[in-house]
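Enquirer: Predicted model follows, preceded by the sequence.
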Amino acid sequence: MAGPIDNVVTSGTFNLDGGSFDVDNNVWIVGNDSEVFVIDAAHDADAIAQAVGDRRVKAIVCTHAHDDHVNQAPALADRFSAPIWLNPNEKVLWDMTWPDRQPDADLHDGDVLTAGGIDLRVLQTPGHSPGSSCLYSPELKVVFSGDTLFQGGPGATGRSYSSFDTIIESIRTTLLTLPGDTQVRTGHGDSTKIGDEAPHLEEWIRNGG
């Protein structure tokens, strides 16, 4: 029996502002034996498709549009006849990678997405990028944080279209209001818990990220 959460780690590059960086990405597959979401289709379409297996992909859900999170979104969307969902404020970043193809539907704060009996509530958390989104499942006690919150601190804000003050506000007012035992499944690296990160907010602010 699969799921409700499967993780595929893929490797490739993140490219922005003229730099290229080697990265390992967490791709999350959420649902049940019949139907799933793919969260952040990164680097290796075949590996992700293998993990999906014969399940229906209801959508390719993008937490944000940095190229390392969306570079396999169209390939997987075509492979599984699934739509791509993304917050519209990410258009400037999406167009850098996919200028000739647009997402199929918009993600907005408060939207509830359902696949395989699992509800994911969209939390708007700008800062790492203009339209960064997290996906919260109260039932699973999990939030998929993209690159907004990691084990040890907020996502990077030193590149174009990012803001440290904005990401701190998003974390303070949205993510840290979730129950402390909520698991944080991140876009890169190890998972953490809201309760483990909350005590360090003021330290992050003092250190400027």
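Expert: Perfect, thanks for sending it. The model shown is predicted, which means the values in this text are computed figures rather than measured ones.

Enquirer: Low-confidence stretches in this structure?
Expert: Residue ranges of the chain with pLDDT under 70: 1-3, 209.

Enquirer: Scan the chain for its longest helix.
Expert: As assigned by DSSP state H, the longest helix anywhere in the chain is helix 164-173.

Enquirer: Could you give the separation of that one from the chain centroid?
Expert: Remark: helix 164-173 is offset 16 Å from the chain centroid, using Cα atoms, centre = their mean, to the nearest Å.

Enquirer: Return the list of helices and strands in contact with it.
Expert: Contacts defined by 3 or more Cβ pairs under 8 Å, 6 or more residues apart in numbering; DSSP states H and E place helix 164-173 against strand 153-154, helix 201-207. The C-beta positions use only the backbone N, C-alpha and C, and glycine is treated the same way.

Enquirer: C-terminal to it, what's the next element?
Expert: strand 183-186 (DSSP states H and E).

Enquirer: Strand partners (parallel or antiparallel) of the helix or strand following that next one?
Expert: Using DSSP H and E, the helix or strand that follows strand 183-186 in sequence is strand 192-193. Using DSSP bridges, strand 192-193 pairs in its sheet with strand 183-186 (antiparallel).

Enquirer: doesn't residue 120 make contact with residue 137?
Expert: Yes - here residue 137 reaches residue 120: they are 5.5 Å apart, a contact under Cβ atoms under 8 Å.

Enquirer: Between the two, tell me which one has more neighbours.
Expert: residue 120 (25 against 20; other Cβ atoms under 10 Å).

Enquirer: Please look at that one and residue 113 and confirm they touch.
Expert: Yes - between residue 120 and residue 113 there is a contact under Cβ under 8 Å: 4.6 Å.

Enquirer: Pull up the overlap in contacts between those two.
Expert: 37, 61, 135 (Cβ atoms under 8 Å, 6 or more residues apart in numbering).

Enquirer: Looking at these, which are in helices?
Expert: Among these, no member lies in helices (by DSSP H).

Enquirer: What segments of the chain are helices?
Expert: Going by DSSP H, the chain shows helices at 45-52, 67-70, 73-80, 91-97, 164-173, 194-197, 201-207.
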